[in-house]
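1. Using only what follows, build the 3D model:
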Amino acid sequence: MQSSVEGYSLVYNAGVVMGHILGALITGAFLGTIPLLLGLVRKKKDLAIIGLIACIASSFIAGIILSVPLSILFVILILFTGRKQSE
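-> As a prediction, this is how the structure comes out:
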């Protein structure tokens, strides 16, 4: 017999939580690949990796509402910072 809390089974709740985690991870990784690829092409590896990590983390915090602006911010930073970083 499965235990339940307020009419919901714990198995269902675990499935919903895993769905949210997986969705946030996929969304953040998808949006983070934009600054990642752009940063690698423009030889700004540090900004590229930080942009990817920031997009994934922000997707866990506030979903697409925060991930999209951060992705745009890192694209702007990569495009308009003058000094290229060494490899």
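
2. Where is the longest helix in this protein?
-> Using DSSP state H, we find that the single longest helix of the chain is helix 10-41.

3. what's the neighbour count on residue 60?
-> Using other CB atoms under 10 Å, residue 60 has 15 neighbouring residues. C-beta coordinates here come from the backbone N, C-alpha and C atoms, glycine included.

4. elements contacting the longest helix of the chain?
-> Secondary-structure packing of helix 10-41 (3 or more CB pairs under 8 Å, 6 or more residues apart in numbering; DSSP states H and E): helix 45-62, helix 64-80.

5. Is it possible to get a markdown table of these that adds mean pLDDT?
-> Converted to a markdown table, the helices and strands packed on helix 10-41 look like this (pLDDT from 0 to 100):
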| stretch | mean pLDDT |
| --- | --- |
| helix 45-62 | 95 |
| helix 64-80 | 95 |
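
6. Can you tell me which of those is packed in deepest?
-> Using mean count of other CB atoms under 10 Å, the stretch among the helices and strands packed on helix 10-41 with the largest mean neighbour count is helix 45-62, at a mean of 18.
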